[in-house]
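J.: Test case, fold it:
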Amino acid sequence: MNGGDQLVPGLDYAKNLRPIDPHAAQMPWMAGLLPCLYVPIAARDSRAIKTYVGEICAELTPRSQCKALLVEAYEPEKPDVRLPIWHLPVAAVLHNPQQVWVNVNYSGYRKAYIRAFPDVDLTDFVIDHVMNRRVARLKGFKYLRVVPVARTVNSSHGSLSEKWAVEYHSSPRMVEINRASKAVVQYADLSDIVKMINMEGGGSLMEIVNEAQKLVDLPDEK
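T.: All right, here's what the predicted structure looks like:
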């Protein structure tokens, strides 16, 4: 489903610490994610980054402009500590105060990430786009967030799911929906969050995502 252009009922956009794109918020809301889990992973352009993600504080590509950006993220919604995910240290990556965003066509993103964070040990990690680049192009997003992803986790988000997503967003219906969308950013869905926190498991990707659902659900009130 696309981010959609209907406003989320009951969400006070003016109250949030970080601006929320009202046209993109429907997707995480329909997935049952609370506003503290609205994590921007794609942006239409640099203006969208400045509006809904944070301040661009440096360019990470000395020889070319606007290919890789270091972004000082706006303060997000306060974590709801009732959610189990916020008790995991790895969840800090979701709203990292400093983030690397790259042009969808830029190939030197690992070097750019190392330039931004030279002290981070990436021995067992690849630097990967949270959103698949082919899907991003189909949806009209120019910039994507990149994060360190464990090699084992990266392989679990394999070609099958990417192939499905490309086929889905290539359909005439989705081409029209994406073309008409007013959303200028996209927020992470649960499978994106699974990837970002390097969640592993012995089963399939969907089994891992189903297990992750428990991390983002409020506990039953009895």
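J.: where does the residue nearest the centre of the chain land in three-state SS?
T.: The residue lying closest to the centre of the chain (CA atoms, centre = their mean) is I41, at 2.7 Å. Assigned by DSSP: H, G, I helix; E, B strand; the rest coil, the conformation of I41 is strand.
J.: Name the nearest residue to it, ignoring sequence neighbours.
T.: Spatially, and ignoring its direct neighbours in sequence, I41 is nearest to V130 (4.1 Å; CB to CB, 6 or more residues apart in numbering). To be clear about C-beta, it is placed using only N, CA and C from the backbone, and glycine gets the same treatment.
J.: how far away is the nearest residue to R133 once chain neighbours are set aside from D217?
T.: Sequence neighbours aside, V104 is the residue nearest to R133 in space, at 5.3 Å (criterion: CB to CB, 6+ apart). The gap separating V104 from D217 is 32 Å, by CB to CB, to the nearest Å.
J.: Please say which of these two ends up with more neighbours.
T.: Remark: of V104 and D217, V104 carries more neighbours, 18 against 15, as counted by other CB atoms under 10 Å.
J.: Could you measure from that one over to S171?
T.: Per CB to CB, V104 is found 20 Å from S171.
J.: follow-up on the earlier one: residues in contact with the residue nearest to R133?
T.: H129, R133, A136, R137, F141, K142, Y143, L144 (CB atoms under 8 Å, 6 or more residues apart in numbering).
J.: Report pLDDT for the second one.
T.: You'll see R133 listed with a pLDDT of 94.
J.: Surely it is in contact with V146?
T.: No: shown here, R133 and V146 do not form a contact pair, counting by CB atoms under 8 Å, at 10.4 Å.
J.: these two touch, right, V166 and R133?
T.: No: contact criterion CB under 8 Å: V166 and R133 do not qualify, at 10.0 Å.
J.: Could you list the low-pLDDT ranges of this protein?
T.: 1-7, 9-16, 154-161, 201-206, 221-222 (pLDDT under 70).
J.: which residues in it form strands?
T.: Ranges of strands within the chain are 40-43, 54-59, 68-73, 98-103, 125-129, 143-150, 185-187, based on DSSP state E.
J.: List the buried residues of stretch 171-186.
T.: Neighbour counts over stretch 171-186 (16 or more other CB atoms under 10 Å) mark M174, I177, N178, S181, A183, V184, V185, Q186 as buried.
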